[in-house]
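Asks: build the 3D model from these lines:
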Amino acid sequence: MTTPLQPVTEDWRRALAIVAHPDDLEFGAAAAIARWTDQGRQVVYCLVTSGEAGIDGMPPPQAREVREQEQRDSAALVGVDTVEFLGLPDGVLEYGVALRRELAAVVRRHQPEIVITNNFRATWDGADILNQADHIAVGRATLDAVRDAGNRWIFPEQLTGGVEPWGGVRQVWAASSPRSAHGVDTTDTFARGVASLLAHEAYLTGLGDGSFDAEEFLESGARPVGARLGVRYGTSFEVFHFDLW
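Replies: Next up, the predicted model:
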């Protein structure tokens, strides 16, 4: 018997989405973000890299420009108008203090209540479909950066020009984790999630033999999640709590 998912909380105003690459949010979470912006909630995107190593037939400097613009266009389709790129090197991100420092600064600057990232477990299915190294590094660093952001004695050099520690993050949500126990109904915004993925045209064109079907792919993930929520389509999240530390 499939275990039901619990709905994520929706009593927040500001969220920050931190992921490694352009298109990471669109491979599952964008429809949920469209739901929340429709509700009047603010969501900011932070892309750690520009995905410049992601298109085999395109030199990285050109890919950087193309993929940044595709991400901005994609975000606009789900109601996100603030998209930041940290410019770290694509494909070779490393978990550690340097990455935590970068992400703590972003958390302090935007002061979110909820932080969204991608699955950072070793696999996508809890078995043998391997995750990618950048996703793992960014997700792990995001958890630590949320704690770091609230401690004035960690990265104190950031606390200038009115920047203060921020300990107001209540939860971090990792989308599409195999350990997800929560989810959200995306039935009404599923089509916009598909459109946001299709906005990454240059990247999708370079996938495999060019036959990738964005709607079919997203539906294959959204239907099983929806079934666990008792709706047509959904997005799942592994929820980490920070409101009691």
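Asks: alpha carbons of the helix or strand bottoming out on mean pLDDT in the chain, in CSV - could you do that?
Replies: Sorting the helices and strands of the chain by mean pLDDT, DSSP states H and E puts helix 201-205 at the bottom, at a mean of 94. The C-alpha coordinates for helix 201-205 follow below in CSV (Å, rounded to 0.1, in the frame of the first residue of the first chain):
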residue,chain,number,x,y,z
GLU,A,201,14.8,25.0,-25.1
ALA,A,202,18.5,24.9,-25.8
TYR,A,203,19.2,22.6,-23.0
LEU,A,204,16.4,20.2,-23.8
THR,A,205,17.4,20.1,-27.5
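Asks: what packs against that helix?
Replies: On a contact count with 3 or more CB pairs under 8 Å, 6 or more residues apart in numbering; DSSP states H and E, helix 201-205 meets helix 60-77. Where C-beta positions appear, they are placed from N, C-alpha and C, glycine not excepted.
Asks: got a pLDDT number for residue 244?
Replies: Note on residue 244: pLDDT of 47.
Asks: what about residue 216, distance to residue 223?
Replies: To residue 223, residue 216 is 11 Å away according to CB to CB, to the nearest Å.
Asks: more neighbours: the two, which one.
Replies: Neighbour tally, residue 216 and residue 223, criterion other CB atoms under 10 Å: the higher count belongs to residue 223, 14 against 9.
Asks: before we move on, the earlier item: and the average pLDDT for the next helix or strand after the least confident helix or strand of the chain is what?
Replies: Where DSSP states H and E defines the elements, the next helix or strand beyond helix 201-205 is helix 214-229. What helix 214-229 shows for mean pLDDT is 97.
Asks: which SSE is the residue nearest in space to the middle of the chain in?
Replies: Nearest to the mean C-alpha position of the chain, counting by CA atoms, centre = their mean, stands residue 117 at 3.7 Å. According to DSSP H and E, residue 117 maps onto strand 114-118.
Asks: can you give me the buried ones in the lengthiest strand in the chain?
Replies: Looking across the chain with DSSP state E, the single longest strand is strand 234-241. By 16 or more other CB atoms under 10 Å, the buried positions in strand 234-241 come out as 234, 235, 236, 237, 238, 239, 240.
Asks: dump these into a markdown table; add pLDDT and distance to residue 50 as well.
Replies: Shown next, in a markdown table, are those (pLDDT from 0 to 100; distance: CB to CB, whole Å):
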| residue | pLDDT | distance to residue 50 |
| --- | --- | --- |
| 234 | 98 | 30 |
| 235 | 98 | 24 |
| 236 | 98 | 27 |
| 237 | 98 | 25 |
| 238 | 98 | 26 |
| 239 | 98 | 29 |
| 240 | 98 | 27 |
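Asks: just put these in a markdown table and tack on distance to residue 109.
Replies: A markdown table is the format used below for the buried residues of strand 234-241 (distance: CB to CB, whole Å):
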| residue | distance to residue 109 |
| --- | --- |
| 234 | 31 |
| 235 | 26 |
| 236 | 28 |
| 237 | 24 |
| 238 | 25 |
| 239 | 24 |
| 240 | 21 |
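Asks: let me know the closest of those to residue 131.
Replies: Among the buried residues of strand 234-241, residue 238 lies closest to residue 131 (CB to CB), at 12.9 Å.
Asks: what about the residue lying closest to the closest one once chain neighbours are set aside, how many neighbours?
Replies: Nearest in space to residue 238, with sequence neighbours left out and distances taken as CB to CB, 6 or more residues apart in numbering, is residue 177 at 3.6 Å. The local packing of residue 177 (other CB under 10 Å) involves 22 other residues.
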